[in-house]
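# Predicted structure and sequence below. I'll ask about it afterward.
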Amino acid sequence: MRGHFSAPFPGVDLVLGVVLVLAGCGGEADSPAFQLRDSAGIQIAESHRPAWEGGSGWLIGTEAALRLGVVDGDPALQFDRVTGVVRLGDGRVVVGDGGSQEIRFFDAGGDLITITGGSGEGPGEFTGLSEIGTGPGGRIWAYDFSLRRITWLNASGEVEHLVSLGTQPPTLNSVGALSDGTFVLRQLWGATQVSEAREGDFLRDPVAFVRFDAQGALVDTLGLFPGREIFLTDENGRAVMNTPPIDRNSVGAVWEDRVVVGTQDAFELVRYGSGGEPNMIVRIPNWDLTLGPGELEGYIQGRLDGVPAERQPGLRQELESVPVPAHKPAYGGLLADEAGNLWVAEWTTFAQVPMRWTVLDRSGQWLGKTVMPERFLPYAIGEDWVLGVETDELDVEYVVLYPLLKNSADG
């Protein structure tokens, strides 16, 4: 999962257990729970408290409706670095598998229908399958980071169209497809301001959000947004770029056929219209950005896990000496569901899967928080289901479909 701000673009970027109502935000008791106002043609949606009260809210069912995956057995059910999961209108499930560079199609009952892809550079093959999703007409797109190529498949898994992108800007990752046939991507790294940074300063290099047409031509640069937080150190007279353990970045998604972006500085998201102009700003004031001591330790422990014991003391000392920003990011990734809601993940430290998700309706109102099953990362959400990837204690991956229960709240 995956947020973003300035300039133009059209188009966009889960949960077992209890509903969290007020955690994470210092609501203002005297303010209206939700205000929607117009400011120079831009809708400002501001929530001070969640709409769900008491025990109301959306829950994730405890029993999976579908579970795909095995430790040993059928290779089609052995998953290695799943890069995306989508569900089609008839219940079929499509899985992008990074280890095999395959896209696997399963029927609603979990039986394999077909496999497309595989490692290679030919049509329908991949070398760096990084994400899959759905686009106009129920077609499936698959983005290859290494080849800078978008492969469009029909619902039967047949290759319909290949879109090869130019070389600029570099290091692009997918955001999503728009109904006008264009495709939005974001730059992972920028380098324009690194030379201006001084040792010890935190800097967020600008990264571009761009839109390509169906032939692979760059349509426009949607804007430059603050990228990943970095700092410089001097190593034998050479400036070396580093990322702090707690770092902000811009994230984005396609929400209601519009691009929504957030910089993680505060709980604020900006959605853009078809002409690239901002048409909505979503805010939750006074969001708690306090970095707890346990969160930094959780990051360090995550980095130490899997490292040989003899290397851990040195690595711990190194990690504890790294500068840390004063505040944690306001949120993690963004995920739009099929009903027009936007799910905003809590920020988590290295290697942790977010469990708590803030839910916004299509008007931008904060509905509440929902908790996902442990070790479960959602990739797609429908009216009454959540589809994602769950890992066990051995890090074996399973594709799991959970029911989404809404009868405990309006919506």
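The structure has been received and is ready for your questions. Bear in mind that the values here come from a model prediction, so they are computed numbers and not experimental data. Numbering: from 1, shown residues only.

# Can I take it that Glu310 is in a helix?
Yes: looking at Glu310 with DSSP: H, G, I helix; E, B strand; the rest coil, it is inside a helix.

# How much space separates it from Val322?
Applying Cβ to Cβ, to the nearest Å, the value for Glu310 to Val322 is 21 Å. For the C-beta atoms, the positions are set from N, CA and C on the backbone; glycine is no exception.

# where does Pro373 land in three-state SS?
Following three-state DSSP, Pro373 is assigned to coil.

# whoops, Leu315 was the one
What three-state DSSP gives for Leu315 is helix.

# What is the neighbour count of it?
Using other Cβ atoms under 10 Å, Leu315 has 14 neighbouring residues.

# OK, contacts around it?
Leu315 sits next to Arg303, Leu304, Val307 when contact means Cβ atoms under 8 Å, 6 or more residues apart in numbering.

# which of those residues count as buried?
Neighbour-count burial (16 or more other Cβ atoms under 10 Å) applied to the contacts of Leu315 gives Arg303.

# Can you show me the helices along the chain?
Ranges of helices within the chain are 293-304, 312-320, based on DSSP state H.

# Going by mean pLDDT, which of these comes out lowest?
When the helices of the chain are compared by mean pLDDT, helix 293-304 comes last with a mean of 86.

# got the angle for that one vs helix 312-320?
130 degrees (axes from the mean of the first three to the mean of the last three Cα atoms, to 10 degrees).

# per-residue confidence for the residue lying closest to Arg92 once chain neighbours are set aside?
Once flanking residues are discounted, Arg92 sits nearest to Asp107: 5.8 Å by Cβ to Cβ, 6 or more residues apart in numbering. Looking at Asp107, its pLDDT is 98.

# Could you measure from Asp107 over to Pro75?
18 Å.

# Over to Gly382?
For Gly382 relative to Pro75 (Cβ to Cβ), the value is 28 Å.

# about what we covered before: out of Glu310 and Val322, which sits in the busier spot?
With neighbours defined as other Cβ under 10 Å, Glu310 and Val322 compare such that Val322 has more, 16 against 7.

# got the contact list for the more buried one?
Val322 neighbours (Cβ under 8 Å, 6+ apart): Asn242, Pro244, Pro245.

# Please apply the same query to Pro278.
Pro278 is in contact with Ile42, Val270, Arg271, Tyr272, counting by Cβ under 8 Å, 6+ apart.

# and if we set it to 6 Å?
Ile42, Val270, Tyr272 (Cβ atoms under 6 Å, 6 or more residues apart in numbering).

# Identify the residue nearest the first one in space, chain neighbours excluded?
If I follow you right, that is Ile42. Leaving aside its sequence neighbours, Ile42 sits nearest to Pro278 (Cβ to Cβ, 6+ apart; 5.5 Å).

# Look up how far Glu256 lies from that neighbour.
14 Å.

# got it, and Tyr379?
From Tyr379 to Glu256 the distance is 19 Å (Cβ to Cβ).

# Which one's more surrounded, these two?
More crowded of Tyr379 and Glu256, by other Cβ under 10 Å: Tyr379, with 24 against 14.

# ok, of the contacts of Pro278, which one's closest to Ala155?
Distance to Ala155 across the contacts of Pro278 (Cβ to Cβ) is lowest for Tyr272, with 29.5 Å.

# count of residues packed around the closest one?
Tyr272 - counted by other Cβ under 10 Å - has 28 other residues nearby.

# Tell me what it is bridged to.
In this entry, Tyr272 is beta-bridged to Val259, Pro278, by DSSP bridges.

# Val259 is in contact with that one, correct?
Yes: assessed by Cβ atoms under 6 Å, Tyr272 is found in contact with Val259 at 4.9 Å.

# residues in contact with Pro32?
Applying Cβ under 6 Å, 6+ apart, no residues qualify as near Pro32.

# Distance check, it against Val270.
22 Å.

# quick one, what contacts Val353?
Arg375, Leu377.

# Hmm, Asn154 and Ile140 touching each other?
No: if you go by Cβ under 6 Å, Ile140 and Asn154 don't touch, sitting 7.6 Å apart.

# which one of these two has more residues nearby?
More crowded of Ile140 and Asn154, by other Cβ under 10 Å: Ile140, with 24 against 13.

# bridging residues for the more buried one?
Counting by DSSP bridges, Ile140 forms beta bridges with Thr134, Leu153.

# who's in contact with it?
Ile140 touches Val94, Thr134, Leu153, counting by Cβ under 6 Å, 6+ apart.
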